[in-house]
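[1] One predicted model, sequence on top.
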Amino acid sequence: MKIATNTPLDKILDDGIEDDAITNLYGPAGVGKTNIAICAAIQAAKDGKHVVYIDTEGSFSLDRYFQLGGTEELLKNISFVEPTSWKQQHAEILRLDKGMEKKGVGLIIVDSIVSLYRLELDDNNFQVINRQLATQYSVLSRIARTLKIPVIVTNHVYGIRGEGKEGEKIEMTSRTISKYWSKALIEIKKTEAAGHRLAVVRKHRSVAEGRSIEFEIKEDRLKEVKLLGII
């Protein structure tokens, strides 16, 4: 079953994100990942679902929420969790395993799953912190699979210097863990046109990899520019 996000991503994902899997949106800062997350939260709330929105960066803006069609009434269907440390984030995600069905939760969003992880990680603790990140992903995956509650996580990227014509390659933060647990990976990229973005399917169970769409970030919506096909 698919859950609509009310963004152009629905078109390349054949009507929305899967309800039994983690969908991972990754890209550089300011590319529009939070805009997509907010649109998805609004749509789920409109559909009568309760949303758990875990905001680790303070990226959620009420002004932007209202611009994109959110209302005071719909806010009643969204529970915000705002951890300020990696320890808090870990505890909050582990706590999600309890009472999801009773609360009527229909969507979980973690924006971003790696912001506090990056601040905590160092040469001495990387094994412990990576295990904790994998545990968080496993909890989210179990909730998605057993309760049919879709999960959206956003992720940062970093560049890897390539050789020859390869140039710089973009990779997700915590790429091995993220790729293992996420059944859908969607890369969001900036284009040369101001305000335009490109979403590309990099991994999916039922949609062709490389399928893409260009969209524009408008004041009141994310608007499709054109469907580019496979890249």
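    Happy to help now that I have it.

[2] Just the CA trace of the top helix by length along the chain, in PDB.
    Criterion DSSP state H: the longest helix present in the chain is helix 126-147. Below are the C-alpha coordinates for helix 126-147, written out as PDB (Å, rounded to 0.1, in the frame of the first residue of the first chain):
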ATOM      1  CA  PHE A 126      32.300   5.100  16.400                       C
ATOM      2  CA  GLN A 127      31.600   1.400  17.000                       C
ATOM      3  CA  VAL A 128      29.100   2.100  19.800                       C
ATOM      4  CA  ILE A 129      27.500   5.000  18.000                       C
ATOM      5  CA  ASN A 130      27.100   3.000  14.800                       C
ATOM      6  CA  ARG A 131      25.500   0.200  16.700                       C
ATOM      7  CA  GLN A 132      23.100   2.600  18.200                       C
ATOM      8  CA  LEU A 133      22.200   4.000  14.800                       C
ATOM      9  CA  ALA A 134      21.700   0.500  13.400                       C
ATOM     10  CA  THR A 135      19.400  -0.200  16.400                       C
ATOM     11  CA  GLN A 136      17.400   2.900  15.700                       C
ATOM     12  CA  TYR A 137      16.900   1.900  12.100                       C
ATOM     13  CA  SER A 138      16.000  -1.700  13.200                       C
ATOM     14  CA  VAL A 139      13.300  -0.300  15.500                       C
ATOM     15  CA  LEU A 140      11.900   1.900  12.800                       C
ATOM     16  CA  SER A 141      12.000  -1.000  10.300                       C
ATOM     17  CA  ARG A 142      10.200  -3.300  12.700                       C
ATOM     18  CA  ILE A 143       7.400  -0.700  13.300                       C
ATOM     19  CA  ALA A 144       7.000  -0.200   9.600                       C
ATOM     20  CA  ARG A 145       6.900  -3.900   8.800                       C
ATOM     21  CA  THR A 146       4.700  -5.200  11.600                       C
ATOM     22  CA  LEU A 147       2.300  -2.300  12.000                       C
END
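
[3] between the helix or strand where residue 154 lies and helix 126-147, how many degrees?
    Following DSSP states H and E, one finds residue 154 within strand 151-155. Relative orientation of strand 151-155 versus helix 126-147 (axes from the mean of the first three to the mean of the last three Cα atoms, to 10 degrees): 150 degrees.

[4] re the thing from before, buried residues, the longest helix of the chain. List them.
    129, 132-134, 136-137, 139-141, 143-144 (16 or more other Cβ atoms under 10 Å). Quick note: C-beta positions are derived from backbone N, CA and C, even for glycine.

[5] do the same with stretch 205-215
    Neighbour-count burial for stretch 205-215, counted by 16+ other Cβ under 10 Å, picks out 211-215.

[6] mind checking how far residue 110 is from residue 212?
    24 Å (Cβ to Cβ, to the nearest Å).

[7] Local confidence estimate at residue 1?
    Looking at residue 1, its pLDDT is 84.

[8] mind putting the buried residues of helix 126-147 in TSV, pLDDT and distance to residue 63 included?
    As requested, those are exported to TSV (pLDDT from 0 to 100; distance: Cβ to Cβ, whole Å):
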residue	pLDDT	distance to residue 63
129	95	34
132	97	33
133	96	31
134	97	35
136	97	29
137	97	31
139	97	32
140	97	28
141	97	33
143	96	30
144	96	30
